[in-house]
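A.B. asks: no FASTA, just this:
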């Protein structure tokens, strides 16, 4: 399936804008991802997911989601953030498309 130059330029522009947004602002504001990653680590280690001592950042989702996030517990926090952000952007593009 041939790709038009205009579609390719649009895709490159989206990737560049998403990368800039990640580097400038998003990376430091991914508190939700930290909650998901903590839950992923806990579910793999068979620890309780819902802890009152987590305060405002307490896990509030289904245990199945923590299990689905388990691969993000195996990689480092920064690599996980980049991967999570890239997957979010890719799925958003698929949804809009």
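C.D. replies: Good, I have the coordinates. Since the model is a prediction, treat every value here as computed from it, not as a measurement.
A.B. asks: list the residues that contact residue 61.
C.D. replies: Neighbouring residues of residue 61 by Cβ atoms under 8 Å, 6 or more residues apart in numbering: residue 39. Glycine gets a C-beta too; all of them are placed from N, C-alpha and C.
A.B. asks: no no, residue 58
C.D. replies: Contacts here follow Cβ under 8 Å, 6+ apart; on that basis residue 58 touches 35, 50-52.
A.B. asks: just send those back as a markdown table, with pLDDT too.
C.D. replies: Converted to a markdown table, these look like this (pLDDT from 0 to 100):
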| residue | pLDDT |
| --- | --- |
| 35 | 89 |
| 50 | 90 |
| 51 | 89 |
| 52 | 87 |
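A.B. asks: who wins on neighbours among the residues you listed?
C.D. replies: residue 35 (19 neighbours; other Cβ atoms under 10 Å).
A.B. asks: the helix or strand where it lies - contacts with which helices or strands?
C.D. replies: Residue 35 belongs to helix 31-44 when assigned by DSSP states H and E. If you count contacts as 3 or more Cβ pairs under 8 Å, 6 or more residues apart in numbering; DSSP states H and E, helix 31-44 packs onto helix 63-68, helix 70-74, helix 77-96.
A.B. asks: shaky segments in this structure?
C.D. replies: Segments of the chain classed as low confidence (criterion: pLDDT under 70) are 1-3, 22-28, 97.
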